[in-house]
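Visitor: Turn this into a model:
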Amino acid sequence: MNTKIFLVTGAAGFIGSAVAKKLIQEGHQVVTIDNLSTGFEENIPDGVFFIKGDCADQKIIDQLDKYNFNTIFHIAGQSSGEVSFDKPAYDLKTNALSTLLLLKYAQKKNVKKFIYASTMSVYGDQPDRPINEDVITSPKSFYAVGKIASEYYMQLYSNLGITNTALRLFNVYGPGQNMTNMKQGMVSIFLEQAIKNKKIVVKGSSKRFRDFVFIDDVVRAFIQAEMFNDSKYRIFNIGTSKKTTISTLLDQIILNLPFEIVVEYAAPTPGDQFGIYANIEKANTELNWSPNISIEKGIKIFCSSNND
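Guide: Got it, this is the predicted structure:
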């Protein structure tokens, strides 16, 4: 096998650690940058070289000069819409500035591929139908604005010899998710509340809907994107094309826990989308990717991993 060397930012976090682990298992070398703001050092897989710091810090980026990466997976970032309203400048720095600095580095070092963890939040509120990548974006949070800015930076740098791919991730969940972060990750928040308090507080209507995609399927999407050789800038939705209401999600969590759970409702969080789910035809056709894990199976696995 042709061994490669990758930069995976955010490998102390949920998605970054899972991607880094898969790459290590495949025999590749992995370097990560993580500031441990929401991740944990113990999450970083064995064999990954760890640089503690912020991807928006030029001094940290300068430490990468000794490497010749095949691909950069930029997964680190602030990922809560709610937090972005509290700290909009921090959100912009963490998400957009980090992307710009890494793209500048990639150009300087002739890194051929740059794969970015973007978000379905860029779409804002859309009609009740599977949303494809060509719809006009309408961000409702500072978080989504920062992600859109990063996508535009990637589009500009794609003209300078880098194969840039943005994966617009829908609601990712599964084992390894940070159960202590009560401002990011709907499934993990609900599950942690249920296990800890026997009560789930839902911020907003139970009629809202999302597209929940299991972590193993998301990791495969990143791997497939790395194998993708089209030199043009590409954006792909990574979801399931399945519309799941919050009510259905709650039912699945309650079904898979061995105790009674009380559900209460509160005001929605700022910038929350009412509902969205993905059209994934483009990822299926061009990346040869489709999800394997249903919401029923995924929630069962996740609940089991946290209720042993």
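Visitor: For the stretch 1-150 of the chain, give me the ranges with low pLDDT.
Guide: Along the stretch 1-150 of the chain, the parts satisfying pLDDT under 70 run over 1, 81.
Visitor: how about the helices in the stretch 151-300 of the chain?
Guide: Listed in chain order, the helices of the stretch 151-300 of the chain (DSSP state H, counting those that start in this stretch) span 186-197, 215-227, 246-255, 281-286, 295-306.
Visitor: how about the first one: buried residues?
Guide: What it means is helix 186-197. 186-195 (16 or more other CB atoms under 10 Å). Backbone N, C-alpha and C define where each C-beta goes, glycine included.
Visitor: and what of the shortest one?
Guide: Judged by neighbour count (16+ other CB under 10 Å), helix 281-286 contains these buried residues: 282-283.
Visitor: What helices and strands are in contact with it?
Guide: Applying 3 or more CB pairs under 8 Å, 6 or more residues apart in numbering; DSSP states H and E, we find helix 281-286 packed against strand 234-238.
Visitor: redo that, cut-off 10 Å
Guide: strand 163-169, helix 215-227, strand 234-238 (3 or more CB pairs under 10 Å, 6 or more residues apart in numbering; DSSP states H and E).
Visitor: do the third one as well
Guide: The helices and strands touching helix 246-255, judged by 3+ CB pairs under 10 Å, 6+ apart, are helix 186-197, strand 199-203, strand 209-210, strand 212-214, strand 262-266, helix 295-306.
Visitor: What angle do strand 262-266 and it make with each other?
Guide: 150 degrees (axes from the mean of the first three to the mean of the last three CA atoms, to 10 degrees).
Visitor: Quick one, which of the helices and strands packed on helix 281-286 gets closest to residue 263.
Guide: Proximity to residue 263 (CB to CB) singles out helix 215-227 among the helices and strands packed on helix 281-286, at 24.8 Å.
Visitor: nearest to residue 104, of the helices and strands packed on helix 246-255?
Guide: strand 212-214 (30.9 Å).
Visitor: buried sites along the closest one?
Guide: 212-214.
Visitor: closest to residue 119 among those residues?
Guide: Nearest member of those to residue 119, counting by CB to CB, is residue 213, at 12.0 Å.
Visitor: show me the contacts for that closest one.
Guide: 120, 169-174, 221, 237-242, 278, 280, 291, 293, 295, 298 (CB atoms under 10 Å, 6 or more residues apart in numbering).
Visitor: Can I get the buried part of those as one ChimeraX selection?
Guide: Buried residues among the contacts of residue 213 (16+ other CB under 10 Å), as a ChimeraX selection:
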select :120,169,170,171,172,173,174,221,237,238,239,240,241,242,278,280,291,293,295,298
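Visitor: follow-up on the earlier one: okay, the helices of the stretch 151-300 of the chain in CSV with distance to residue 30 next?
Guide: Putting the helices of the stretch 151-300 of the chain into CSV (distance: least, CB to CB, whole Å) gives the following:
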stretch, distance to residue 30
helix 186-197, 24
helix 215-227, 12
helix 246-255, 33
helix 281-286, 24
helix 295-306, 24
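Visitor: closest to residue 164 out of those?
Guide: helix 215-227 (10.3 Å).
Visitor: hmm, back to that, want to throw the helices and strands packed on helix 246-255 into TSV with mean pLDDT?
Guide: Compiled in TSV, the helices and strands packed on helix 246-255 are given as follows (pLDDT from 0 to 100):
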stretch	mean pLDDT
helix 186-197	95
strand 199-203	96
strand 209-210	96
strand 212-214	98
strand 262-266	96
helix 295-306	95
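Visitor: Identify whichever of the ones you listed lies nearest to residue 82.
Guide: strand 199-203 (8.8 Å).
Visitor: now for the buried residues of helix 186-197, which pair is the farthest apart?
Guide: Spatial extent of the buried residues of helix 186-197 (CB to CB) is set by the pair 186 and 195 at 15.2 Å.
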